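Colleague: Mind looking at a prediction? Sequence and model below.
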Amino acid sequence: MAEVLRISGWSRKVSAQGVVYYTKRGSNESRWIHPGLSQLIYSLSKFDNIRYAAYRLSSKLLEVQVVLGSSTVSLPLTQSVLAHHGLSSPSLVLDSQELREFLNDLYNRATRARGIFSNHANHEVSTEAMASFVEQILDPAHQGGVTVLGLKT
């Protein structure tokens, strides 16, 4: 897990609609996207000098995968955790808290499956960053929900 995801100086808040956002302590600055995720996305410019678009894109995607820790998560494990949480209906909508509970369980089981019993705090950091990533893609209007179908695709 990369240190870039740690968000010291920022607080996680939840809007009246149940949407997570972040505020910088000591200022009026707020944002929808996880501050560490913002830094990660900004850092992807280091791959911009790769000549061919396919290689450039794949390098960026691999970097995101490694930093978010999703390379340890297999498809069968994801299916198992979805079933464990009763997330079988494609139209079911998860709120921010439910999404984070699912992702935290997924990260915990992925590390246990590899025989690693890592620090719970690392899972919380990865979970929060991944949840923000998923919400930016599947709920860009910040309506407060992500469908199970969206998670599965």
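Modeller: Noted; the coordinates are in hand. Residues are numbered from 1 along each chain as shown.
Colleague: Spit out the contact partners of the closest residue to His123 other than its chain neighbours.
Modeller: Taking C-beta to C-beta, 6 or more residues apart in numbering, and ignoring the residues beside it in sequence, His123 has Tyr107 as its nearest neighbour in space, at 4.6 Å. Using the backbone N, CA and C atoms, a C-beta is placed for each residue, glycine as well. For Tyr107, the contacting residues are 69, 72-73, 123, 126-127, 130, taking C-beta atoms under 8 Å, 6 or more residues apart in numbering as the criterion.
Colleague: again, only this time at 10 Å
Modeller: Going by C-beta atoms under 10 Å, 6 or more residues apart in numbering, Tyr107 touches 1, 68-70, 72-73, 81, 118, 120, 122-127, 130.
Colleague: Identify each buried residue in the least confident helix or strand in the chain by mean pLDDT, please.
Modeller: The helix or strand of the chain with the poorest confidence is helix 120-138; it has a mean of 86 (mean pLDDT, DSSP states H and E). Of all the residues in helix 120-138, those buried under the rule 16 or more other C-beta atoms under 10 Å are 123, 125-135, 138.
Colleague: Any chance of a markdown table for those residues, columns distance to Arg100?
Modeller: Below are the buried residues of helix 120-138 laid out as a markdown table (distance: C-beta to C-beta, whole Å):
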| residue | distance to Arg100 |
| --- | --- |
| His123 | 11 |
| Val125 | 12 |
| Ser126 | 11 |
| Thr127 | 6 |
| Glu128 | 7 |
| Ala129 | 11 |
| Met130 | 9 |
| Ala131 | 5 |
| Ser132 | 10 |
| Phe133 | 12 |
| Val134 | 10 |
| Glu135 | 10 |
| Leu138 | 14 |
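Colleague: before we move on, back to that, which elements pack onto the least confident helix or strand of the chain?
Modeller: strand 20-24, helix 35-43, helix 53-68, strand 93-94, helix 96-113, strand 146-147, helix 148-152 (3 or more C-beta pairs under 10 Å, 6 or more residues apart in numbering; DSSP states H and E).
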